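Participant: Here you go, sequence then predicted model.
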Amino acid sequence: MKERIVYVCDRCGYEAPKWFGRCPACGAWNSAVEVKRVEKRGKSSPSSLTQLSRVNLEADDRIETKNKVIDSILGGGFVRGQVILLGGEPGIGKSTLALQIADRLVRVGRKVLYASGEESAKQIKLRAARIGASGEIFLTNDQDIDSVLRSSRDVDFLVIDSIQTFLDSEVGSVPGGMAQLRSVTSKVVEFSKRNSTVSLIIGHITKSGEIAGPKMIEHMVDTVLYFEGERTTDYRLLRVYKNRFGPSGEVGIFEMREDGLFGIENPVFVGDDLPFGNAVACVMEGSHPLIVQVQALVSRSKVPSPRRNSIGVEHRRVSAIIATMSKILKLPLDFHDVYVKVLGGLKVTDPAVDLAISAAVFSSLVEMEIGRTVFMGEVGLDGMVRSPYSLKRRIEVIRKSGFDEIAGNFEGANVLIRNLSDLSGVIR
Ligand SMILES: Nc1ncnc2c1ncn2[C@@H]1O[C@H](COP(=O)(O)OP(=O)(O)O)[C@@H](O)[C@H]1O
Ligand SMILES: [Mg+2]
């Protein structure tokens, strides 16, 4: 083993063998931090080979958390040595979920260590009392990652809350920077693999866009989970962005109650009042049909190239829809700023949201309300509307949720919209 010194930009994570005064990647001054890397030296010994037929797939490899939502989105639970990143904004429920999983695992005889650099033992105890968590969970407030890992040799499940508050004393910089973040994470990953410990790393994302932190370590971990939703509402969506041990793209849905996060099936993210500029959509996220509220604000622009802004749906998707509407419906959108937002803090990926976006934009422009019609369908650049997949499941959920008017281009739609030009018939 040989030690090598590398220099890591504490702001963006850029790495170089030589010290730099100004980071060539992000342009930050004096951001280089010295980091020790341990490397294997000399000829390595030959690898030991295993025949595929001899690989054991013991049932014990999966560690069920007994949290239905978590087990189902992770494909049956944790795998020994798995490292999971759990990201989200402050207050969204990361610590609560971690403690709930810890509780379930302790109750089936696993040893759990909850390492918190954020909250005192008292604060954690208060939360534990609120959610009824077992007193058998071990706690530490030590922020030195080496000490924590040294105390974790016989631990089955390790929670690091949050990774930004831990410190690798071999790295000469303050906690929270990129150099620390990378070093601490790589130590946790290395430890988990060597020791077959499941580690749950909590990472903060701030609203001000400081997503760089957790993003930087996504490639180092096996599984990435992000919470979506808003602190002000009770629903939380947990999305699997990456999973080396199972499918990705699945979502779990929780309701935040006083005594913790509880799995729910088909929440309705729609308010009672739907003034003009609002449209309802049914979108599939993972295997869940969700009924969501899409808002648009269309207002006369005061700048030569009007603004387009979107929250909760991809920017390019909205731009393409606006361009299509201008062309097909001959609407004066080139002279209007358009803002689109999916309510509830959700990030919609299903293209079937297109038709609701179009309807909301139209409704805002003409200042006429639509009501509680549920829109579904992807809109092509030619204005044609496509039928969404999993149509039967969606319709079932829409009806069960108490909406009875459905618009789109498919059999069973109360309002048939084959092409965007049919929209004017809905909004009058
Ligand atoms: N006394 C309480 N009753 C009900 N809900 C609470 C209570 N205290 C906190 N919460 C909920 O828990 C959330 C904080 O969860 P937490 O797991 O600490 O978030 P994070 O770790 O992501 O910052 C709050 O936003 C609130 O929704
Ligand atoms: Mg927390």
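Facilitator: Thanks, I have it. The model shown is predicted, which means the values in this text are computed figures rather than measured ones. Ligands and ions are numbered 1, 2, ... in the order given.
Participant: For the residue in the stretch 151-300 of the chain positioned nearest to ligand 1, grab the count of nearby residues.
Facilitator: Distance from ligand 1 to each residue of the stretch 151-300 of the chain (C-beta to the nearest ligand atom) is smallest for residue 258, at 3.8 Å. From N, CA and C alone the C-beta is placed, and that goes for glycine too. Look at residue 258: counted by other C-beta atoms under 10 Å, it has 6 neighbours.
Participant: ok now stretch 142-150, how far from the chain's centre?
Facilitator: Averaged C-alpha coordinates place stretch 142-150 at 27 Å from its chain's average position (C-alpha atoms, centre = their mean, to the nearest Å).
Participant: Can you tell me what sits against it?
Facilitator: Applying C-beta atoms under 8 Å, 6 or more residues apart in numbering, the contact partners of stretch 142-150 are 113, 115, 117, 140, 151, 158, 160, 165-169, 175, 184, 187-188, 191.
Participant: next one: stretch 336-346
Facilitator: If you take C-beta under 8 Å, 6+ apart as the criterion, stretch 336-346 is touched by 228-230, 233, 235, 237, 269-271, 285, 290, 292-301, 303, 306-313, 318, 322, 348, 353, 357, 360-361, 365.
Participant: Next, the buried residues of the helix or strand containing residue 184.
Facilitator: Per DSSP states H and E: residue 184 is located in helix 178-195. Using 16 or more other C-beta atoms under 10 Å as the test for burial, helix 178-195 gives 178-189, 191-192, 195.
Participant: before we move on, the earlier item: narrow the contacts of stretch 142-150 to those in helices?
Facilitator: Among the contacts of stretch 142-150, the members falling in helices (DSSP state H) are 184, 187, 188, 191.
Participant: Name the nearest of those relative to residue 47.
Facilitator: Nearest to residue 47 out of the ones in helices among the contacts of stretch 142-150 is residue 191 (C-beta to C-beta; 22.1 Å).
Participant: burial measure for the closest residue to ligand 1 within the stretch 301-428 of the chain, as a count.
Facilitator: Proximity to ligand 1, evaluated over the stretch 301-428 of the chain using C-beta to the nearest ligand atom, is greatest for residue 345 at 12.2 Å. As a burial measure, residue 345 scores 20 neighbours (other C-beta under 10 Å).
Participant: Excluding chain neighbours, give the residue nearest to it in space.
Facilitator: If the residues on either side of it in the chain are set aside, residue 345 comes closest to residue 230, at 3.8 Å by C-beta to C-beta, 6 or more residues apart in numbering.
Participant: For the one you found, give its distance to residue 69.
Facilitator: Residue 230 sits at a distance of 19 Å from residue 69 (criterion: C-beta to C-beta, to the nearest Å).
Participant: Then residue 373?
Facilitator: Relative to residue 69, residue 373 is positioned 31 Å away (C-beta to C-beta).
Participant: how about residue 253, what does it touch?
Facilitator: Counted by C-beta under 8 Å, 6+ apart, residue 253 has contacts 69, 235, 236, 237, 238, 263, 264, 265, 267, 288, 290.
Participant: same thing with residue 77?
Facilitator: Applying C-beta under 8 Å, 6+ apart, we find residue 77 in contact with 62, 63, 64, 65, 70, 71.
Participant: List the backbone torsions phi and psi for it.
Facilitator: phi 120, psi -170 (degrees, to the nearest 10).
Participant: which SSE is the residue lying closest to residue 32 once chain neighbours are set aside in?
Facilitator: Distances taken as C-beta to C-beta, 6+ apart put residue 7 closest to residue 32, at 4.4 Å, once the chain neighbours are dropped. Residue 7 belongs to strand 2-9 when assigned by DSSP H and E.
Participant: What mean pLDDT does that strand get?
Facilitator: The pLDDT scores in strand 2-9 average 86.
Participant: what do you get for stretch 390-401?
Facilitator: In this model, stretch 390-401 has an average pLDDT of 95.
Participant: Next, the buried residues of that stretch.
Facilitator: For stretch 390-401, by 16+ other C-beta under 10 Å, it's 391, 394, 395, 397, 398, 401.
Participant: Show residues contacting that stretch.
Facilitator: Contacts of stretch 390-401 with the rest of the structure, by C-beta under 8 Å, 6+ apart, involve 266, 268, 282, 284, 289, 291, 374, 376, 388, 406, 410, 412.
Participant: Turn those residues into CSV, including neighbour count.
Facilitator: What follows is those, written out as CSV (neighbours: other C-beta atoms under 10 Å):
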residue, neighbour count
266, 16
268, 19
282, 29
284, 22
289, 24
291, 21
374, 28
376, 31
388, 24
406, 21
410, 19
412, 11
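Participant: Tell me the one among the residues you listed nearest to residue 11.
Facilitator: residue 284 (38.2 Å).
Participant: Just say helix, strand or coil for the closest one.
Facilitator: Assigned with DSSP: H, G, I helix; E, B strand; the rest coil, residue 284 falls in the strand class.
Participant: got a list of what it touches?
Facilitator: Contacts here follow C-beta under 8 Å, 6+ apart; on that basis residue 284 touches 290, 350, 352, 388, 389, 390, 393, 394.
Participant: And for residue 116?
Facilitator: Residues counted as contacts of residue 116 (C-beta under 8 Å, 6+ apart) are 95, 124, 139, 140, 141, 159, 161, 165.
Participant: Quick one, which of those has the minimum pLDDT?
Facilitator: Among the contacts of residue 116, residue 165 carries the lowest pLDDT, at 93.
Participant: residues touching the residue lying closest to residue 418 once chain neighbours are set aside, list them.
Facilitator: Closest residue in space to residue 418, ignoring its immediate chain neighbours: residue 409 at 5.0 Å, by C-beta to C-beta, 6+ apart. Going by C-beta under 8 Å, 6+ apart, residue 409 touches 377, 384, 385, 386, 387, 416, 417, 418.
Participant: Thanks again, I'm all set now.
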